[in-house]
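In: predicted coordinates and the sequence they were generated for:
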Amino acid sequence: GIPGLYVTGDPGGADEHAKIGQLGLRMGLGWAKSHVFVTGQCPVMQYNRQLMMAILYDRVQIAKNVNATVIPLDRAPEGYAEFDRGAARKYVIDPHGMLPSN
């Protein structure tokens, strides 16, 4: 699965496939390994309440699970640049310094 990936055209994409929103798949290899390919959106509403309750009752540390990093407003350009380069983290911009930093 590829959660959160919506491939649309990107004129500034890295290659010709990215420019027109195309993914290259090795269908023969998928067939040989009996992979299943399904499209559609994640059933968010099916899990929404359970996830919300787990977060509220501190059973799930969502910020830790998504590798959230708190940064001040003046580091926002740096955070955006790192994210664009593929940093495996989410950035939370805290302009008023109210959140504990990592």
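Out: Structure's in. What do you need? The model shown is predicted, which means the values in this text are computed figures rather than measured ones.
In: how about residues contacting the helix or strand hosting M52?
Out: Using DSSP states H and E, the element containing M52 is helix 44-56. The contact list for helix 44-56 (CB atoms under 8 Å, 6 or more residues apart in numbering) reads R59, V60, I62. Placement of C-beta: from N, CA and C, glycine included.
In: could I get the full set of strands for this structure?
Out: Ranges of strands within the chain are 68-72, 90-94, based on DSSP state E.
In: how about those, which one is nearest G9?
Out: Taking CB to CB, strand 90-94 is the member of the strands of the chain nearest to G9, at 25.1 Å.
In: who does the closest one pair up with?
Out: strand 68-72 (parallel) (DSSP bridges).
In: how long is stretch 56-64 from one end to the other?
Out: 15 Å (CA to CA, to the nearest Å).
In: excluding sequence neighbours, find me the nearest residue to R59.
Out: Closest residue in space to R59, ignoring its immediate chain neighbours: M53 at 8.0 Å, by CB to CB, 6 or more residues apart in numbering.
In: what about this protein, any weak spots by pLDDT?
Out: Along the chain, the parts satisfying pLDDT under 70 run over 1-7, 101-102.
In: tell me which residue of it is furthest from the middle?
Out: Relative to the mean C-alpha coordinate of the chain, counting by CA atoms, centre = their mean, the farthest residue is A32 (29.3 Å).
In: rewinding a little: okay, now the residue nearest to R59: neighbour count?
Out: Residues contacting M53 under the criterion other CB atoms under 10 Å number 11.
In: likewise for G79?
Out: Residues near G79, counting by other CB under 10 Å, number 20.
In: one more: the one 10 residues further on?
Out: By the criterion of other CB under 10 Å, R89 has 13 neighbours.
In: how about it, nearest residue that isn't a chain neighbour?
Out: Nearest residue to R89 in three dimensions, chain neighbours excluded: N67, at 4.1 Å (CB to CB, 6+ apart).
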